[in-house]
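**Student:** Okay, sequence plus prediction incoming.
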Amino acid sequence: MGCHGGLTHQMQMFADRGLNAGQARIMTQIHRITLARHITGTPSLEDFKLEALDPPALKEGQFRVANAFVSADPGTRSRLSGTASYAGALQIGDVIDGFAVGHVVESLNPAFEIGQLVTLGSGWADQTISNGRGYCAKLPDLGVPLSAWIGVLGVPGMTAWFGLKRVGQIKPGDRVIVTSAAGPVGATAGQLAKAWGASRVVGVASAGAKSDWLLQEAGFDAVIDYRSPTFAADLAAAMPEGADILFDNVGNKMIDTILPLMRPFGRIVVSGQVADYNVAPADRHGIRNTDRFITHRLKMEGLVVFDDLRAFPEAQAEAAAMINSGQLKLKEVISEGIDSLPAAFCALFQPGATFGRRLARI
Ligand SMILES: NC(=O)c1ccc[n+]([C@@H]2O[C@H](COP(=O)([O-])OP(=O)(O)OC[C@H]3O[C@@H](n4cnc5c(N)ncnc54)[C@H](OP(=O)(O)O)[C@@H]3O)[C@@H](O)[C@H]2O)c1
């Protein structure tokens with residue numbers, strides 16, 4: 001079977017939104033970032049290695065994607081210490097996890113013609129060879145910037161969507177607290193909560209630009225700085241009647257601090273643990289205020305967003321309409337080149353150091 005198709009109408013439509021589809025890159029070497037050593041504590045640039053290698057010839061059923069944007073995701077940290085996480089540990093020399101959006105430039109798979117726009121779990125590489133299995137989807141034209149497919153319409157946005165809807169069982173009138181509220185998951189969660197009828201949404205994030213954006217652009221009712229010595233009291237004052245939903249991206253100590261604010265039948269959505277990923281499990285803060293679960297009949301439930309994969313297209317179409325109408329705002333920091341990803345990733349674990357979805361443009 002030979003290569004399929006030519007440049008499609010769809011590529012032209014996407015061209016104005018971040019990918020010059022008319023200039024399909026001729027693939028020379030693959031540039032990728034691998035794990036140089038297992039990480040203890042906070043990640044640093046020395047933990048990563050840039051490699052260049054000749055691309056292998058495609059096998060039957062495979063296609064090659066020229067990645068346009070690749071993401072740095074904090075959850076990847078849990079796979080880099082050499083100990084198993086739910087997704088399994090990466091070994092030294094493995095390509096670091098990341099999501100990409102790009103177009104097919106060579107194909108031995110009839111379902112993925114040349115020019116097809118796709119998003120996929122690519123790893124940190126400028127091109128990806130795929131057989132279409134795993135996290136890989138052909139993209140419809142929903143009129144959004146390409147980069148949104150690995151942001152609000154990708155794993156972070158869908159985590160917010162299904163975390164609030166399926167796990168948090170959000171309903172009109174709910175009072176919602178979102179932690180790491182200025183990140184792509186948190187900012188989407190807070191805006192969706194508002195759109196879905198929450199009566200009050202309070203974010204927890206660094207003061208300054210993040211707080212200003214959440215209040216002025218994203219419609220949060222209040223934003224509290226978790227680094228203030230009066231954090232717990234400030235949050236209680238900002239949510240005087242307590243919270244029905246805590247959407248947590250931060251980890252055990254944060255949950256423990258907020259537990260006394262939970263209202264009867266409240267739901268705690270455990271989305272992420274950005275403060276705990278760099279801490280060995282035995283050294284993490286324990287959750288102590290567990291009596292609140294009994295007295296207030298609380299539930300706490302985690303999610304792995306890929307459980308909701310089949311429902312992504314419908315949610316993505318709705319989220320895209322919200323982006324296009326201006327109801328859902330997104331914030332991105334785009335650096336240049338695959339070799340910019342280690343620094344982007346390291347910044348995610350330095351409070352206040354970065355603001356928005358971290359992406360590399362390839
Ligand atoms: N369950 C799932 O299926 C799923 C899927 C995707 C992502 N997630 C998780 O969702 C969470 C949010 O992801 P995201 O992509 O939107 O990342 P993010 O929230 O933007 O994460 C980076 C931000 O976390 C904050 N942070 C860093 N260290 C902190 C600390 N010690 N204490 C408190 N905050 C700290 C910083 O914001 P400040 O400057 O405001 O401190 C930093 O900019 C992550 O934990 C991720 O693993 C879960």
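**Tutor:** Ah, there it is. Keep in mind that this is a model prediction, so the values were computed, not measured.
**Student:** Quick one: name the residues of the chain near the ligand.
**Tutor:** Counting by CB under 6 Å from any ligand atom, the chain comes close to the ligand at 73-75, 155-156, 159, 180, 182-186, 205-206, 210, 226, 249-250, 271-275, 303-305, 348-349, 351-352, 354. Glycine gets a C-beta too; all of them are placed from N, C-alpha and C.
**Student:** Can you flag the buried ones in the residues you listed?
**Tutor:** 73-75, 155-156, 159, 180, 182-186, 205-206, 210, 226, 249-250, 271-275, 303, 305, 348-349, 354 (16 or more other CB atoms under 10 Å).
**Student:** Tell me which of the residues of the chain next to the ligand fall in helices.
**Tutor:** When these are checked against helices (DSSP state H), the matches are V155, P156, T159, P184, V185, G186, K210.
**Student:** Can I get those residues in CSV including distance to G115 and pLDDT?
**Tutor:** Compiled in CSV, those are given as follows (distance: CB to CB, whole Å; pLDDT from 0 to 100):
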residue, distance to G115, pLDDT
V155, 24, 98
P156, 27, 98
T159, 30, 98
P184, 28, 98
V185, 31, 98
G186, 35, 98
K210, 38, 96
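**Student:** Tell me the spatial nearest neighbour of the residue in the stretch 251-362 of the chain positioned nearest to the ligand, not counting adjacent residues.
**Tutor:** Sorted by distance to the ligand under CB to the nearest ligand atom, the residues of the stretch 251-362 of the chain start with G272, at 1.9 Å. If the residues on either side of it in the chain are set aside, G272 comes closest to N249, at 4.2 Å by CB to CB, 6 or more residues apart in numbering.
**Student:** In contact with the one you found, which residues?
**Tutor:** V178, T179, S180, G183, V185, G186, S271, G272, Q273, V274 (CB atoms under 8 Å, 6 or more residues apart in numbering).
**Student:** was I right about the second one contacting N252?
**Tutor:** Right, T179. No. At 11.7 Å, T179 and N252 do not qualify as touching, with contact defined as CB atoms under 8 Å.
**Student:** Those two: which is more packed in?
**Tutor:** Under the neighbour definition other CB atoms under 10 Å, T179 and N252 were set side by side, and T179 has more, 29 against 19.
**Student:** Tell me the bridge partners for that one.
**Tutor:** T179 forms beta bridges with V204, as assigned by DSSP bridges.
**Student:** Return the per-residue confidence for it.
**Tutor:** At T179, the pLDDT value in this model is 98.
**Student:** ok, it - contacts?
**Tutor:** Contacts of T179 (CB under 8 Å, 6+ apart): G186, G203, V204, Y226, L246, F247, D248, N249, V250, M254, I258.
**Student:** Just the closest of those residues to the ligand, please.
**Tutor:** Using CB to the nearest ligand atom, N249 comes nearest to the ligand of the contacts of T179, at 3.6 Å.
**Student:** per-residue confidence at that closest one?
**Tutor:** At N249, the predicted lDDT confidence score is 98.
**Student:** same thing with the one 3 residues further on?
**Tutor:** N252 carries a pLDDT score of 96 in this model.
**Student:** ditto for T83
**Tutor:** 82.
**Student:** wait, doesn't it sit right on A89?
**Tutor:** Yes. A contact is recorded between T83 and A89 when judged using CB under 8 Å, the distance being 5.9 Å.
**Student:** can you name the two of the contacts of N249 that are farthest apart?
**Tutor:** Taking CB to CB as the measure, these span a maximum distance of 14.8 Å, between V178 and Q273.
**Student:** just checking, V202 is part of a strand?
**Tutor:** Yes. The assignment for V202, made by DSSP: H, G, I helix; E, B strand; the rest coil, places it in a strand.
**Student:** my guess is it meets A238, correct?
**Tutor:** Yes. At 4.9 Å, V202 counts as touching A238 under the criterion of CB under 8 Å.
**Student:** what's G143 in contact with, if anything?
**Tutor:** With contact taken as CB under 8 Å, 6+ apart, G143 is in contact with A320, N324.
**Student:** Need the three-state assignment for it.
**Tutor:** Assigned by three-state DSSP, the conformation of G143 is coil.
**Student:** Model confidence for it, exactly?
**Tutor:** 95.
**Student:** The one 4 residues further on now?
**Tutor:** The confidence metric pLDDT takes the value 97 at S147.
**Student:** next one: L19
**Tutor:** Model confidence at L19 (pLDDT) stands at 40.
**Student:** go on, T8?
**Tutor:** Looking at T8 specifically, the model assigns a pLDDT of 37.
**Student:** Tell me where the model's unsure across the stretch 251-362 of the chain.
**Tutor:** Screening the stretch 251-362 of the chain residue by residue with the criterion pLDDT under 70, one finds no matching range.
**Student:** Mind listing the strands the host helix or strand of V223 pairs with, and their directions?
**Tutor:** With elements delineated by DSSP states H and E, V223 resides in strand 222-224, which encompasses its position. Applying DSSP bridges, strand 222-224 is found paired with strand 200-204 (parallel).
**Student:** what sits up against the strand it pairs with?
**Tutor:** The contact list for strand 200-204 (CB under 8 Å, 6+ apart) reads 175-182, 186, 190, 193-194, 211, 214, 219-226, 235, 238-239, 241, 243, 250, 254.
**Student:** now do stretch 289-306
**Tutor:** 86, 135, 155, 158-159, 162-163, 166-167, 255-256, 259-260, 262-271.
**Student:** can you rerun that using 7 Å?
**Tutor:** Defining contact as CB atoms under 7 Å, 6 or more residues apart in numbering, one finds that stretch 289-306 is touched by 86, 135, 155, 158-159, 162-163, 167, 256, 259-260, 262-271.
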